[in-house]
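S.K.: Structure here, sequence nowhere to be found:
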């Protein structure tokens, strides 16, 4: 019996990192070519490229693959958690299109996609982003399903 093979999505299409002023020798960071969900956890900085915008702790920045952001003018306390999702993987997610439509409306109305979060929402989102870690690799049989569910949960 012959069937079609559907390739599995890899967790490596999602990566989480922490960016700190101290990790950047030139004090600059560029995010581009992917869906980036970044949460400023401490300090202040400036986003420049298409727009010039000051950001601070508790700001959420969402970038689509067509957007590019240069983070600079970071103070010594600056730190942010970034989640990068490969565009093809994002497009395969059940909730990806809904989030993209909402984000597109927001960009048309307000410009750059930066939201300042209240403390409860900030903490909730930070904890959700922590779930995307290298520990998911330990669940080799179900890591793709875990990643899909976590992405759906985050995007809502």
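M.R.: Nice, thanks for sending it over. Fair warning: this is a prediction, and the values are worked out from it, not measured in the lab. Numbering: from 1, shown residues only.
S.K.: From residue 96, how far off is residue 113?
M.R.: Separation of residue 113 from residue 96 (C-beta to C-beta, to the nearest Å): 15 Å. In this view, the C-beta of every residue, glycine as well, is placed from N, C-alpha and C.
S.K.: burial of residue 67, as a residue count?
M.R.: Close neighbours of residue 67, defined as other C-beta atoms under 10 Å, add up to 20.
S.K.: Pretty sure it sits in a helix.
M.R.: No. When classified by DSSP: H, G, I helix; E, B strand; the rest coil, residue 67 is found to be coil rather than part of a helix.
S.K.: what about the protein, any weak spots by pLDDT?
M.R.: Low-confidence segments of the chain (pLDDT under 70): 1-12, 50-51, 110, 133-156.
S.K.: switch to 90 and redo it
M.R.: Residue ranges of the chain with pLDDT under 90: 1-17, 22-29, 32-37, 48-53, 62-69, 83-115, 124-125, 127-156.
S.K.: can you give me the strands for it?
M.R.: Secondary structure of the chain, counting by DSSP state E: strands at 14-20, 29-31, 35-42, 44-49, 53-56, 59-63, 69-72, 79-85, 114-116.
S.K.: now the ones you listed in a markdown table, with mean neighbour count and distance to residue 104?
M.R.: Output for those, formatted as a markdown table (neighbours: other C-beta atoms under 10 Å; distance: least, C-beta to C-beta, whole Å):
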| stretch | mean neighbour count | distance to residue 104 |
| --- | --- | --- |
| strand 14-20 | 16 | 21 |
| strand 29-31 | 17 | 18 |
| strand 35-42 | 22 | 13 |
| strand 44-49 | 18 | 19 |
| strand 53-56 | 16 | 19 |
| strand 59-63 | 21 | 11 |
| strand 69-72 | 19 | 17 |
| strand 79-85 | 21 | 16 |
| strand 114-116 | 15 | 15 |
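S.K.: So the residue nearest the centre of the chain versus residue 88, what's the distance?
M.R.: Geometric centre of the chain, nearest residue: residue 37, 1.9 Å, by C-alpha atoms, centre = their mean. Between residue 37 and residue 88 the distance is 17 Å, computed by C-beta to C-beta.
S.K.: Now that residue 18 has come up, it's in contact with residue 42, right?
M.R.: No. Assessed by C-beta atoms under 8 Å, residue 18 is found out of contact with residue 42, at 10.4 Å.
S.K.: Common neighbours of those two, please.
M.R.: Contact criterion C-beta atoms under 8 Å, 6 or more residues apart in numbering; residues bridging residue 18 and residue 42 by contacting each: residue 79.
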